[in-house]
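Asker: What follows is a predicted structure for the sequence shown.
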Amino acid sequence: MKQFQCQSCGSTVFFRNSSCLSCGAKLGYSPDHDAMFALEPVETDAAQGDGRKQWQAFAGPRFHFCANADHGVCNWLISVEDEQMFCRSCRHNQLAPDLSIEGNLARWQRLEQAKQHLFYSLIRWRLPTPTLADGVSEPLVFDLIADVQTDSGVQRIYTGHDAGRITINIAEADDDERERRRVGMGEPYRTLLGHFRHEIGHYYWDILVRDGQMLNEFRNLFGDEREDYGAALRRHHAEGAPPEWPGSFISAYATTHPWEDFAETFAHHIHIVDTLETAHVLGLKIDARAVHDDALKTDVAFDAYRVADFDEIVAAWTPVSVALNSLTRSLGQQDAYPFVLSRVIVEKLDFIHRLIRAQQADTAPVAA
Ligand SMILES: [Zn+2]
Ligand SMILES: [Zn+2]
Ligand SMILES: [Zn+2]
């Protein structure tokens with residue numbers, strides 16, 4: 001993730017800020033510019049435009065806010081020439097949380113923050129994100145919903161992906177509930193952002209692997225996805241992962257089925273690239289003084305979203321993840337990145353890196 005600056009006062013501001021904490025300027029993020037803008041309201045005459053409030057960037061373009069800004073769940077901007085009511089992230093929402101239920105607005109805010117962070121990466125990579133309005137067979141749609149109380153009991157909503165529809169159970173936005181599930185399932189890592197990055201992996205398997213040129217290579221690396229998924233899931237829940245899993249899989253859950261392995265690995269690819277971008281823009285340099293080990297040195301001299309060679313990314317990620325975990329342990333926190341990358345896992349990550357870069361060739365770069 002990039003770092004951003006308030007154009008009004010020069011202070012550092014963050015992706016999720018809707019106003020500058022130093023000078024109070026109104027802020028919005030424009031995915032089309034990959035930039036945060038400080039904004040002033042524009043006095044428009046009622047006959048002009050479509051009646052929506054306009055905002056002008058300091059010496060820059062004019063925007064509307066996404067309609068979900070009215071709920072305080074979105075700070076993304078839409079160019080005034082664009083008739084869309086919702087931003088590039090929110091326009092994929094099909095079902096949003098029921099705001100008549102106490103606590104759901106706060107849950108929705110946390111969910112949208114995670115979803116925006118996901119979309120930040122998808123836009124950086126120019127990955128396709130078709131909406132319902134695009135008329136494609138598998139548009140990307142999000143349902144952010146809760147378990148349903150019925151007369152006969154509770155109807156459970158499962159977080160998952162089905163033919164472009166990503167469902168997130170909004171209970172995952174509650175730290176206590178998510179932590180309970182994490183411990184119950186013996187997972188070292190469970191975050192809202194991780195859920196979004198995992199489920200989008202299933203979506204891109206469909207449209208880039210199943211419908212693409214790399215299906216055979218996928219099967220060689222991840223296994224044959226024609227294996228019965230339901231039976232694989234039941235086996236995983238009954239028996240757990242085989243003991244030797246860490247040599248070939250990023251997580252125990254990834255052993256369930258080649259689809260889950262791909263989705264887990266896809267999520268990690270985003271974790272690594274986005275965290276390395278943050279390290280790069282911060283000018284982070286790792287050079288362990290007590291350890292004379294070149295594998296633990298990096299100055300992250302590149303933007304990981306633009307690097308062709310995945311080995312370069314791994315070479316920087318190793319020292320950065322070691323440093324991250326050392327720092328969080330010093331704070332008495334759990335490891336920030338509780339995973340080990342084996343050679344096989346790196347090959348799978350490299351496959352995903354090449355898959356993403358191969359589809360970029362067909363699309364125009366995002367405006368700088
Ligand atoms: Zn400011
Ligand atoms: Zn929005
Ligand atoms: Zn999955």
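Answerer: Thanks, I have it. Ligands and ions are numbered 1, 2, ... in the order given.
Asker: what packs against the helix-or-strand element of the chain with minimal mean pLDDT?
Answerer: None of the helices or strands of the chain scores lower by mean pLDDT, DSSP states H and E than strand 148-150, at a mean of 89. Using 3 or more Cβ pairs under 8 Å, 6 or more residues apart in numbering; DSSP states H and E, the elements in contact with strand 148-150 are strand 153-155. No exception for glycine: its C-beta is placed from N, CA and C like everyone else's.
Asker: Need the residues that contact the strand it packs on.
Answerer: 147, 148, 149 (Cβ atoms under 8 Å, 6 or more residues apart in numbering).
Asker: next one: it to chain centre, how far?
Answerer: How far strand 153-155 lies from its chain's middle: 30 Å, per Cα atoms, centre = their mean, to the nearest Å.
Asker: hang on, the earlier thing: next, the buried residues of the least confident helix or strand of the chain.
Answerer: For strand 148-150, the neighbour count (16 or more other Cβ atoms under 10 Å) marks no residue as buried.
Asker: Parallel or antiparallel, which strands does that strand pair with?
Answerer: strand 153-155 (antiparallel) (DSSP bridges).
Asker: Pairing partners for the helix or strand just after the partner strand, with directions?
Answerer: Toward the C-terminus, strand 153-155 is succeeded by strand 160-162 as the next helix or strand (DSSP states H and E). Sheet neighbours of strand 160-162, with direction, are listed as strand 165-169 (antiparallel) (DSSP bridges).
Asker: Show the average pLDDT along the helix or strand residue 266 falls within.
Answerer: Using DSSP H and E, residue 266 sits in helix 258-281. What helix 258-281 shows for mean pLDDT is 98.
Asker: That one: how far from the chain's middle?
Answerer: 9 Å.
Asker: Okay, buried residues for it please.
Answerer: Buried-residue list, helix 258-281, by 16+ other Cβ under 10 Å: 258-277, 279-280.
Asker: who does it touch, helix- and strand-wise?
Answerer: Using 3+ Cβ pairs under 8 Å, 6+ apart: helix 258-281 touches helix 104-124, helix 192-204, helix 215-222, helix 310-330, helix 343-360.
Asker: need the contact list for the residue positioned nearest the centre of the chain.
Answerer: Geometric centre of the chain, nearest residue: residue 118, 2.4 Å, by Cα atoms, centre = their mean. If you count contacts by Cβ under 8 Å, 6+ apart, residue 118 has them with 89, 193, 196, 197, 200, 270.
Asker: at 6 Å what do you get?
Answerer: residue 196 (Cβ atoms under 6 Å, 6 or more residues apart in numbering).
Asker: Close to ligand 1: what parts of the stretch 1-150 of the chain are there?
Answerer: When proximity is defined as Cβ under 5 Å from the ion, the stretch 1-150 of the chain approaches ligand 1 at 6, 8, 9, 11, 20, 22, 23, 25.
Asker: now, which of those residues lie close to ligand 3?
Answerer: Counting by Cβ under 5 Å from the ion, nothing from those sits close to ligand 3.
Asker: Now the buried members of those.
Answerer: 6, 8, 20, 25.
Asker: Burial check on residue 347, number of neighbours?
Answerer: 14 (other Cβ atoms under 10 Å).
Asker: domains in this protein, as residue ranges please.
Answerer: When the chain is parsed with automatic domain parsing, its domains come out as 4-87, 90-195, 212-363.
Asker: Okay, now the first one: how far is its last residue from its first?
Answerer: As for domain 4-87, its first-to-last residue distance stands at 19 Å under the measure Cα to Cα, to the nearest Å.
Asker: next one: the second one
Answerer: By Cα to Cα, the extent of domain 90-195 from end to end equals 17 Å.
Asker: gap between residue 351 and residue 102?
Answerer: Residue 351 sits 45 Å away from residue 102, taking Cβ to Cβ, to the nearest Å as the criterion.
Asker: What residue, apart from its backbone neighbours, is nearest whatever residue of the chain ends up closest to ligand 3 spatially?
Answerer: Nearest residue of the chain to ligand 3: residue 263, at 4.4 Å (Cβ to the ion). Spatial nearest neighbour of residue 263, excluding adjacent residues (Cβ to Cβ, 6 or more residues apart in numbering): residue 201 at 3.5 Å.
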